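[1] Return atomic coordinates for the entry below.
(2 chains)
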Amino acid sequence: GAVVSQHPSRVICKSGTSVKIECRSLDFQATTMFWYRQFPKKSLMLMATSNEGSKATYEQGVEKDKFLINHASLTLSTLTVTSAHPEDSSFYICSARDTYGRSSYNEQFFGPGTRLTVL
Amino acid sequence: AQRVTQPEKLLSVFKGAPVELKCNYSYSGSPELFWYVQYSRQRLQLLLRHISRESIKGFTADLNKGETSFHLKKPFAQEEDSAMYYCALSRGGGATNKLIFGTGTLLAVQP
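    Below is the predicted model:
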C-alpha cells in the first residue's frame, strides 16, 4: 500500500517546449503532495507544496510561472515545466501524504522520480 | 535558518562493523526528525522517525537536543544496508508539513 507513481519516468525534450509530469497516489487520497528537484550528487530540494483544489505554495526562489502545478483531484498532481531550458534538466521527485490514514507522524510517500533532459 | 547537515558523503565499512551516520540540524522550534533510505534503483522510503523511538532493520537514532544531532546507528552492518541515507527535518505543521533534507550519506558495506 501507499504507492506513488510518476509518469513519465524519463523525458527528453527540445529547448523552448513544455513538459508535463504526473504524480499519482495509487491507493490513497492525498490533499497534499510535494514536488522536489534533485541535482546530481546533491540533496532533494523542495520546490513547492501542491494543495488539492487550491493554489500551490512555492518555495523561495522557485518561479511560479516556470513550474506550473495543478492538483485537480485527490490522487493526481501535475508539474509542468514551461519553456524548458537545458538548466531545467534534473531529476524531479514527488511525494504525497495519506490524508486519511497511513501518514502517521507526517510521513511522506515518494514517487520513483522523473528524469528530465532538455536539449 | 532551518538546516540539516550530513558531513559524510561516503561511509565505507566492513560487514559486521558498527555504523554511525551523522546528522546535525538547526531549527528554532521543536523538531521532527526522520531518516530516509534509498536503495539502488529504488525510490526514497522512510526508515525511521525520532518520535516513535523504534528500531528498524537494526537501525536506531536518538534525538539529542543539546547537541542538535540525530545520528543513525547500527551495531553490526550488513551488505544489504548499502544505500543512500538522508536525514530530514520536518518544519511547519499540519497537513502542509514540509521536509528539509540533508545532502545524504552513501553507506557502502564491504563483504
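[2] from here on, contacts and neighbour counts on C-alpha atoms
    Noted.
[3] quick one: contacts for B:L33?
    Counting by Cα atoms under 8 Å, 6 or more residues apart in numbering or on different chains, B:L33 makes contact with B:R49, B:H50, B:I51, B:L63, B:F70, B:C87, B:A88, B:L89, B:S90.
[4] how many neighbours does the third one have?
    The tally of other residues near B:I51 (other Cα atoms under 10 Å in any protein chain shown) stands at 13.
[5] my read: it touches B:E32, true?
    Yes. Counting by Cα atoms under 8 Å, B:I51 touches B:E32, with 7.0 Å between them.
[6] Are we agreed that A:E87 is in a strand?
    No. Per DSSP: H, G, I helix; E, B strand; the rest coil, A:E87 lies outside any strand segment and is helix.
[7] From chain B, how far off is the nearest residue to it once chain neighbours are set aside?
    Nearest in space to A:E87, with sequence neighbours left out and distances taken as Cα to Cα, 6 or more residues apart in numbering or on different chains, is A:V118 at 7.7 Å. The spacing between A:V118 and chain B, counted by Cα to the nearest Cα, to the nearest Å, is 22 Å.
[8] Does A:V118 touch A:K14 like I think?
    Yes. Contact criterion Cα under 8 Å: A:V118 and A:K14 qualify, at 5.6 Å.
[9] between the two, what contacts are shared?
    A:A84, A:H85.
[10] Have a look at these two and say which one is more surrounded.
    A:V118 (20 against 14).
[11] List the contacts of the more buried one.
    A:I12, A:C13, A:K14, A:S15, A:A84, A:H85, A:P86, A:E87, A:D88, A:S89.
[12] Nearest to chain B within chain A, name that residue for me.
    Nearest residue of chain A to chain B: A:S43, at 4.2 Å (Cα to the nearest Cα).
[13] one step back: quick check on the contacts of A:V118: which are buried?
    A:C13, A:S15, A:A84, A:H85, A:D88, A:S89 (16 or more other Cα atoms under 10 Å in any protein chain shown).
[14] Low-confidence stretches in chain B?
    By pLDDT under 70, the low-scoring segments of chain B are B:92-96.
[15] Tell me which residue of it lies closest to chain A.
    B:T103 (4.2 Å).
[16] now the strands: where do they sit in chain A?
    A:4-7, A:10-13, A:19-25, A:32-38, A:44-51, A:57-58, A:67-73, A:76-81, A:90-96, A:109-110, A:114-118 (DSSP state E).
[17] Using TSV, please lay out these together with mean pLDDT and distance to B:S40.
    Output for those, formatted as TSV (pLDDT from 0 to 100; distance: least, Cα to Cα, whole Å):
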stretch	mean pLDDT	distance to B:S40
strand A:4-7	96	18
strand A:10-13	97	17
strand A:19-25	96	21
strand A:32-38	93	16
strand A:44-51	92	16
strand A:57-58	94	30
strand A:67-73	92	29
strand A:76-81	96	25
strand A:90-96	95	15
strand A:109-110	92	15
strand A:114-118	96	16
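[18] looking at the ones you listed, which is closest to B:A17?
    strand A:44-51 (29.1 Å; Cα to Cα).
[19] If you count neighbours, what's buried in stretch B:33-50?
    Counting neighbours by 16+ other Cα under 10 Å, the buried set in stretch B:33-50 is B:33-38, B:44-50.
[20] will you turn those into CSV that also has secondary structure?
    Output for those, formatted as CSV (three-state DSSP):
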residue, secondary structure
B:L33, strand
B:F34, strand
B:W35, strand
B:Y36, strand
B:V37, strand
B:Q38, strand
B:L44, coil
B:Q45, strand
B:L46, strand
B:L47, strand
B:L48, strand
B:R49, strand
B:H50, helix
